[in-house]
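Trainee: Just a sequence and a predicted model for now, questions to come.
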Amino acid sequence: MHGRSSVPVLFVLLLGVSSLAYADWCEEKFADVPKESPVIQMLITVCRIVDIIKNSQSNKTESDERLYLAVLLRTDNLVFTEEVTGQGDFNSTELTSLPGGIAVDFDPVEGFMYCTEKGIYKTRLDGSDYSIVFNSTVTGEGLAIDWVARNIYWTEKDAIKVSRMDGSRQKKLLINDTLDGVRPIAVDPSRGKIYWTEWGDNPRIASAWMDGSNVKTLVSDDIQWPNGMAIDIKRNKIYWGDAYTDKIYSINTDGTERKTLSTGDNPHIFGMSYLDDYIYWTDWKTNQIERFNVAEDSINSYIATMPSDMQPFGIKATKLYPPPGITSPCGQDNGRCAHLCFNTPEGIRCGCEDGWELEQGGSCVKV
C-alpha cells in the first residue's frame with residue numbers, strides 16, 4: 001500500500017466483509033504493516049467507525065422483531081391494536097381516546113401510526129402522543145407513508161394527494177378527471193411508484209409514478225369492488241380483495257400474471273396489509289381479522305373477531321423498524337427540492353404545493 005491511492009480500495013473490500021467485525025478484519029489485514037503509518041491509523045479508525053454503525057443497525061431488541069397489527073374500529077370511535085408475538089399469541093389493547101378512522105399506516109422511522117378521518121392524525125401504537133397532522137372537510141379513504149422521502153399519500157373519493165409528514169406542502173397529484181371512487185393506496189419508495197384501486201363505474205387497479213405522472217391501468221377486467229389492497233415489494237406483487245366476488249387476487253406490479261389466491265369465505269373484505277409472507281385483512285360482515293400465507297398458498301387463518309358493535313376498517317401489519325434495503329434519493333436532504341421530492345423510475349422529480357410553481361433547480365415560487 002502506498003499513499004492515498006490505496007484508500008478507495010479499502011472501502012470496496014469492506015462491502016464484502018461479513019464473517020469478521022470490520023475492526024478485527026482491519027487489524028488482521030494490516031498485521032504486517034507498521035502501525036505508526038498515519039494512513040494505516042486512519043484506515044483502522046474508519047474500520048472501527050463502520051463497525052460501530054454496523055452493530056448499532058443490527059442490535060435489534062425482541063420487541064423490534066414482533067409483529068404489530070393496528071386495526072381501526074369505526075363504531076364508537078375506537079382504535080384496536082394487536083401485538084402478535086409470532087408464536088400465535090395475541091395481546092389486544094383498546095385505545096378509546098382516539099377518533100377512529102378509515103385507513104391506517106405506520107411510520108417506522110419515528111414510530112407513529114397515521115390514520116385518516118376528516119384529515120389525518122397520528123399517535124403511538126399505545127395511543128400516546130396523539131396529535132392532528134391536519135384537518136379537512138373530506139374523509140380520507142386510503143393512506144400510504146413514504147417513510148424514506150418523508151411524504152404522506154392519501155386518497156379522497158376523486159383525488160390522490162400528497163404532503164410532507166407534518167401535513168405541510170399539500171399537493172393534488174391526480175384529480176377527478178382521471179379518478180372515480182379511489183379507495184386504498186400503496187407506495188414503493190425504491191422503485192418510485194404508487195398503486196391504488198377505484199370503485200367507480202369503471203373499477204380498476206392502477207399505478208403511477210410518485211409524482212402522479214405515467215398513469216397506467218393494471219387491472220380492468222373481471223373486477224367489481226376492489227377494496228383492500230397491499231403491495232409486496234420483495235416479490236413485486238400487488239394483492240387485493242374484491243368485496244363483490246369475496247376473493248383475494250394477486251398480480252405483478254406491471255399488471256401481468258393475475259392469480260386467484262383465496263376463494264375462501266370472505267364475505268366483505270375491507271382493509272388489507274402485507275408483511276413477511278402474510279396478507280392480513282378485515283372483514284365487515286364477519287367482523288374478523290384474518291390472514292393468508294402467500295408463500296405456502298395456505299388456507300385462510302383466523303386471528304380475531306371484533307365485538308358485534310365494532311366494525312373493523314383499516315389494518316396495518318408492521319414491525320417497529322424500517323424494512324431493510326428500501327432506499328430513495330429523496331431520503332437525503334429532500335433531494336434538494338424546496339417543497340416535495342418524488343423518486344421516479346427516471347430519478348428525482350421535484351414538486352411544489354398547490355398554488356406554487358416549480359422553477360429550475362427545484363425551487364418553488366408562489367403564483
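Mentor: Ah, there it is.
Trainee: contacts and neighbour counts: CA atoms only from here.
Mentor: Will do.
Trainee: Just the helices from the stretch 51-200 of the chain, written as ranges.
Mentor: Per DSSP state H, counting those that start in this stretch, the stretch 51-200 of the chain has helices spanning 62-65. These are given in chain order.
Trainee: so where's the stretch 201-350 of the chain shaky on pLDDT?
Mentor: Across the stretch 201-350 of the chain, the ranges flagged by pLDDT under 70 are 263-264, 299-300.
Trainee: how about a cut-off of 90?
Mentor: Across the stretch 201-350 of the chain, the stretches falling below the confidence threshold (pLDDT under 90) are 246, 262-268, 282-293, 295-313, 318-325.
Trainee: residue boundaries of the strands in it?
Mentor: Counting by DSSP state E, counting those that start in this stretch, the stretch 201-350 of the chain has strands at residues 204-209, 216-219, 226-232, 237-242, 247-252, 259-262, 269-275, 278-283, 288-293, 301-305, 312-318, 340-344, 347-351.
Trainee: Dump stretch 231-239 to CSV, restricted to CA.
Mentor: What follows is stretch 231-239, C-alpha atoms only, in CSV (Å, rounded to 0.1, in the frame of the first residue of the first chain):
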residue,chain,number,x,y,z
ILE,A,231,-48.0,-4.4,-2.0
ASP,A,232,-45.3,-7.0,-1.6
ILE,A,233,-42.2,-5.0,-2.6
LYS,A,234,-39.9,-8.0,-2.3
ARG,A,235,-41.9,-10.1,-4.8
ASN,A,236,-43.1,-7.2,-6.9
LYS,A,237,-46.7,-8.3,-6.2
ILE,A,238,-50.0,-6.4,-5.6
TYR,A,239,-52.6,-8.2,-3.6
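Trainee: Determine how far that stretch lies from the middle of the whole chain.
Mentor: Averaging C-alpha coordinates over stretch 231-239 and over its chain gives two centres that are 12 Å apart (CA atoms, centre = their mean, to the nearest Å).
Trainee: Can you give me the buried ones in it?
Mentor: Of all the residues in stretch 231-239, those buried under the rule 16 or more other CA atoms under 10 Å are 231-233, 237-239.
Trainee: Break the protein into its domains for me.
Mentor: The chain breaks down into these structural domains: 3-58, 65-318, 334-366 (assignment by automatic domain parsing).
Trainee: of all the ones you listed, which lies closest to residue 327?
Mentor: Ranking the domains of the chain by their distance to residue 327 (criterion: CA to CA) puts domain 65-318 first, at 5.2 Å.
Trainee: residues making contact with stretch 114-123?
Mentor: 99-107, 112-113, 129-143 (CA atoms under 8 Å, 6 or more residues apart in numbering).
Trainee: Which members of those residues occur in strands, if any?
Mentor: The members of those that map onto strands under DSSP state E are 104-107, 112-113, 131-139, 142-143.
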